[in-house]
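**Q** Mind folding the following:
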Amino acid sequence: MNKTHNSASSIWLHIGSGSFHRAHQAWYLHRLLIQGDDRWSIALGNIREDGVPVLNALAAQEGKYVLETVTPQGERAYEMITSIQKIIPWDNELAALVAQGADPQTKVISFTVTEGGYYLDNQFNLDQQNADVQADIHGGCRTIYGAIAHILARRIEQKGGDVTLLNCDNLRHNGERFRNGLLQFLALRQQKDVIAWVKNHTRSPNTMVDRITPRPSPEVAMRVEAATGFKDRAPVMGEAFIQWVVEDDFIAGRPALEDVGVEMVGSVLPYEEAKIRILNASHSCIAWAGTLLGQSFIDVSTRTENICRMAWDYVTEDVIPSLSPSPLDLASYRDVVLERFSNPHIQDTNQRVAADGFSKIPGFITPTLQECYQRGQTPRATAMLPALFFVYMQQWHLSRLPYEYQDGILDAAAVHALFDSADPLGRFATDEKLFASLAAKSEFTDLMRQSVARVNQWLSDAKRA
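**A** Residues are numbered from 1 along each chain as shown. As a prediction, this is how the structure comes out:
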């Protein structure tokens, strides 16, 4: 464990130019700069070409942008974030990103690629059949594994020294699981020298990140300009609440994150379990249910009594017993989460939160299903969540969703084939990638049939009301 801080200027390379990093990790490092600690700055890059407009906008603003935050009471605050001091231009081979990652000044490489961006199966092993993973095994750099493999190979070649690889996504045991995926990827590429170097010269702490950060609407830029006078081409907005819990296991130094409210801990396990199961799973439940009722925004759906009750029952009946005893007050955490989701000023969309369901079910929901059965309890409240997703995807199959569903691991042909089959729900409930060991249980399939019937009845009643 290395708690020391570097006296020379150090670079924190972040991969993923989306809103979340800029509302979260970049904010914390900005707070350090305000305190006069300028030993670290961020270099920002992207793996995919779709991030180019944001990178270009930030480059034109020398990395600066305004973060708007809003409380549940509607109090807005504006802050110019200055911690991103280098913008890495995107190119097809990621040459500039690889060069920055290999630079000895780069001591931390972090990333936000969403749950689907780790390409893990239900056993949390690398999904070797995925087309992007296959392309990277053969030398490409479409995935976080391909990008990091290229960076580390160059770093070894240039004697760039030790580096910490830091996940900033809602993936349980994210550091361990990314590291396992990376080592499997390197083994498939037969890069034995890189594997040995990773084991000896890198660390991958587990983390838990939390701040609701919707995709910015055009109104954010208008409010930013009205409040600050700055015509921002890349503003970000998020809720006022923020939390970051990080295992203190850095190999090449780190910023003094504890000075700006980051919780540096020995283990993130109780924090991440509460967050993933209570916040993330409830968020998805509300987004799927709200979409099915024709609603666009999370706050509207959370304030819809029977949707909120579904999420409340899920946490109260199944999650709290699964996570008890806990160092956290789980009932209080549940209530704070639902209050945050109800914030009408965030304008977070059901479309954003409903995304990546095929990763979220095995990651956020199946563990609670399994633990309920292990306790001898039928998880009726939890089963409503995959039932909602089934009906939601049925609407997608019929082209009846009001927006485009986004999912990093969606196999569109396979999902259409499932719904065209004689027993779609039977095939869904017995999918090991989604439900692991429960896929073999007839009682679980029966429960899913009952739960989908309950969802359809609920929708029917809601439309009549």
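**Q** now the end-to-end length of stretch 16-24.
**A** This stretch, stretch 16-24, spans 12 Å end to end (Cα to Cα, to the nearest Å).
**Q** One more: stretch 264-272?
**A** Start-to-end, stretch 264-272 (Cα to Cα) is 13 Å.
**Q** what about it, average pLDDT?
**A** Taken as a whole, stretch 264-272 has a mean pLDDT of 92.
**Q** List the buried residues in that stretch.
**A** Across stretch 264-272, burial judged by 16 or more other Cβ atoms under 10 Å covers 264, 265, 268, 270, 271, 272. C-beta here means a position set from N, CA and C on the backbone, and glycine is covered the same way.
**Q** now, which of those lie within strands?
**A** 264, 265 (DSSP state E).
**Q** Nearest to residue 337 among the buried residues of stretch 264-272?
**A** Minimum distance to residue 337 across the buried residues of stretch 264-272 is 13.3 Å, recorded for residue 271 (Cβ to Cβ).
**Q** give the contact list for that closest one.
**A** Contacts for residue 271 (Cβ atoms under 8 Å, 6 or more residues apart in numbering) come out as 208, 245, 263, 265, 328.
**Q** what helix or strand does residue 224 sit in?
**A** Element membership for residue 224, per DSSP states H and E: helix 218-228.
**Q** immediately after that helix, which helix or strand?
**A** strand 236-239.
**Q** Of all the helix elements in the protein, which one is longest?
**A** helix 442-464 (DSSP state H).
**Q** Tell me, how many residues neighbour residue 158?
**A** When neighbours are defined as other Cβ atoms under 10 Å, residue 158 has 12 of them.
**Q** swap in the one 3 residues further on?
**A** By the measure other Cβ under 10 Å, the count of residues near residue 161 is 15.
**Q** How about the secondary structure of the nearest residue to it once chain neighbours are set aside?
**A** In this structure, residue 161 finds its nearest non-sequential neighbour in residue 104, 5.3 Å apart by Cβ to Cβ, 6 or more residues apart in numbering. Under DSSP: H, G, I helix; E, B strand; the rest coil, residue 104 falls in the coil class.
**Q** likewise residue 254?
**A** Per three-state DSSP, residue 254 ends up coil.
**Q** measure it to residue 151 for me?
**A** 19 Å (Cβ to Cβ, to the nearest Å).
**Q** do residue 432 as well
**A** For residue 432, the distance to residue 151 - Cβ to Cβ - is 33 Å.
**Q** got a list of what residue 99 touches?
**A** Counting by Cβ under 8 Å, 6+ apart, residue 99 makes contact with residue 154.
**Q** And the host helix or strand of it, what's buried?
**A** Residue 99 is part of helix 95-102 when elements are defined by DSSP H and E. Residues of helix 95-102 classed as buried by neighbour count (16+ other Cβ under 10 Å): 97, 98, 100, 101, 102.
**Q** After the lowest-mean-pLDDT helix or strand in the chain, heading C-terminal, what element do we hit next?
**A** Sorting the helices and strands of the chain by mean pLDDT, DSSP states H and E puts helix 269-274 at the bottom, at a mean of 90. Per DSSP H and E, the first helix or strand lying C-terminal to helix 269-274 is helix 281-292.
**Q** thinking again about what came up before, residue 432 and residue 151: which has the busier surroundings?
**A** Higher neighbour count among residue 432 and residue 151: residue 151, with 26 against 14, using other Cβ under 10 Å.
**Q** excluding its backbone neighbours, what's nearest residue 283?
**A** residue 353 (5.1 Å).
**Q** Next, that neighbour: secondary structure please.
**A** Strictly by three-state DSSP, residue 353 counts as helix.
**Q** ditto for residue 109
**A** Going by three-state DSSP: residue 109 is strand.
**Q** neighbours of it, just the number please.
**A** 26.
**Q** May I have the beta-bridge partners of the nearest residue to it once chain neighbours are set aside?
**A** Among residues not flanking residue 109 along the chain, residue 13 sits closest, at 4.7 Å (Cβ to Cβ, 6+ apart). Here residue 13 sits in beta bridges with residue 43, residue 109, going by DSSP bridges.
**Q** neighbours of residue 328, just the number please.
**A** For residue 328, using other Cβ under 10 Å, the count is 15.
**Q** and the protein, what are its domains?
**A** 10-265, 269-464 (automatic domain parsing).
**Q** Pull the distance from stretch 152-167 to the chain's centre.
**A** 24 Å (Cα atoms, centre = their mean, to the nearest Å).
**Q** now swap in stretch 48-63 and tell me
**A** 21 Å.
**Q** residues making contact with it?
**A** Applying Cβ under 8 Å, 6+ apart, the set of residues contacting stretch 48-63 from outside is 16-18, 42, 44-46, 64-65, 82, 84-90, 92, 142, 232-234.
**Q** And for stretch 359-375?
**A** Residues contacting stretch 359-375 (Cβ under 8 Å, 6+ apart): 114-116, 122, 170-172, 276-277, 280-281, 284, 318-319, 321-322, 378-379, 382-383, 385-386, 389, 407-409, 433-438, 441, 444.
**Q** Same question for stretch 212-224.
**A** Contacts for stretch 212-224 (Cβ under 8 Å, 6+ apart): 19-20, 23-24, 66, 68, 76, 78, 230-233, 235-239, 241, 340-341, 343, 346-349, 352.
**Q** Nearest spatial neighbour of residue 88, chain-adjacent residues omitted?
**A** Per Cβ to Cβ, 6+ apart, closest to residue 88 is residue 45, 3.5 Å.
**Q** Just to check, the one you found is in contact with residue 96?
**A** Yes. Between residue 45 and residue 96 there is a contact under Cβ atoms under 8 Å: 7.1 Å.
**Q** what residues are shared contacts of the two?
**A** 88, 90.
**Q** Kindly indicate which of the buried residues of helix 95-102 lies nearest residue 31.
**A** residue 100 (23.4 Å).
**Q** Report pLDDT for that closest one.
**A** pLDDT for residue 100: 98.
**Q** That one: what's it in contact with?
**A** So residue 100 contacts 11, 13, 43, 45, 86, 88, 106 (Cβ under 8 Å, 6+ apart).
**Q** ok, now which ones touch the residue nearest to residue 109?
**A** Neighbours of residue 13 in contact, by Cβ under 8 Å, 6+ apart: 42, 43, 45, 97, 100, 101, 106, 108, 109, 110.
**Q** change it to 7 Å
**A** Contacts of residue 13 were listed using Cβ atoms under 7 Å, 6 or more residues apart in numbering, and they are 43, 45, 100, 101, 106, 109.
**Q** can you map out the strands along this structure?
**A** Under DSSP E, the chain gives strands at 10-15, 40-45, 65-70, 76-81, 84-87, 106-111, 163-167, 202-203, 207-210, 236-239, 243-247, 263-265.
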